[in-house]
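K.L.:
dropping the sequence and predicted coords here.
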Amino acid sequence: MNTFSNVHCRSLLHIEDDALWGHTIRQFVQSWQEYRYLGVATTAAAGLALCHEKHPDVAIVDRQLPDADGFDLALSLANLPRPPRILVLTSRADEVTLFRAGQACVAGMLWKTGPVRELLRTALAEVIAGRRFFPPDVREAMRMVRSNPVAFFKILSGRELSLLPLLCEDGADDRVAAETGLSPATVRSHRQHIMAKLDLHRSADLIRWAAEKGFVDFLHPRRTCV
């Protein structure tokens, strides 16, 4: 265990539900004397509560959590009185992930499939210094998504993007209406407009498109949304 007591060491909280990754990151961080490891939270709710209580300098946040999307959690963390710097750690490289990694509250992102051990220490130093850190491969993937003239965020409105996971997971207009407070007719109208903009003709096509882009994850429902 890291017993380094220098007042200048920075505190770090890991928010991750995969036990192997939790153990791996703990081993990395505890071997570096410049960091004080605060532990791992396995849900977004627990992570938010611990950040509110312990005020970590950095939160390493998994993209997929049991009770929330990691990027939605990052937005909540950014609204704390003493927000941590957010470093996203994920295995996902879909378009929604690459798009949302660019939001202001995210200081950096690493892929779990990359050389995490080699990059993590540098990434932490950069984000603590107030800079952003994205490895070259992540940066290039983000650039390609944003330069695409028909990227989803250039075609659909913010409201339409927020409704997509509900339309694809809940399906029926009345269920989506009950959850959003909209009328079934309004939900149906949104669905029709989205499909028209995307040149899709069946609800099944919309669901397939949303899954490919990363709006929904049927193995982990409601983790992915914009």
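P.N.:
That came in fine, so what should we check first?

K.L.:
distance of the residue most central in space within the chain relative to residue 102?
P.N.:
The centroid of the chain falls nearest to residue 71 when counting by C-alpha atoms, centre = their mean (2.9 Å). Distance, residue 71 to residue 102, by C-beta to C-beta, to the nearest Å: 10 Å. For every residue, glycine as well, the C-beta is placed using N, CA and C.

K.L.:
helices or strands next to the longest helix that the chain contains in the packing?
P.N.:
Assignment by DSSP state H gives helix 184-198 as the longest helix of the chain. Using 3 or more C-beta pairs under 8 Å, 6 or more residues apart in numbering; DSSP states H and E, the elements in contact with helix 184-198 are helix 158-169, helix 173-180, helix 203-213.

K.L.:
go with 10 Å
P.N.:
On a contact count with 3 or more C-beta pairs under 10 Å, 6 or more residues apart in numbering; DSSP states H and E, helix 184-198 meets helix 152-155, helix 158-169, helix 173-180, helix 203-213.

K.L.:
for the first one, what does the pLDDT average out to?
P.N.:
Same thing as helix 152-155. What helix 152-155 shows for mean pLDDT is 93.

K.L.:
residues of it that come out buried?
P.N.:
If you call a residue buried by 16 or more other C-beta atoms under 10 Å, then helix 152-155 has these buried ones: 152, 153.

K.L.:
please state the offset of that helix from the chain centre?
P.N.:
The chain centroid and the centroid of helix 152-155 are separated by 19 Å, computed with C-alpha atoms, centre = their mean, to the nearest Å.

K.L.:
which residues touch it?
P.N.:
With C-beta atoms under 10 Å, 6 or more residues apart in numbering as the contact definition, helix 152-155 has outside contacts at 95-96, 99-100, 145-146, 148-149, 160-161, 164, 194, 197-199, 209-210, 213-215, 226.

K.L.:
hmm, back to that, who touches both of residue 71 and residue 102?
P.N.:
What both residue 71 and residue 102 touch, as defined by C-beta under 10 Å, 6+ apart, is the set residue 109.

K.L.:
ok, now how distant is the residue nearest to the centre of the chain from residue 164?
P.N.:
From residue 71 to residue 164 the distance is 14 Å (C-beta to C-beta).

K.L.:
ok, now residue 16?
P.N.:
Distance, residue 16 to residue 164, using C-beta to C-beta: 26 Å.

K.L.:
according to the record, where do the domains of this structure fall?
P.N.:
Per automatic domain parsing, the structural domains of the chain span 10-147, 152-213.
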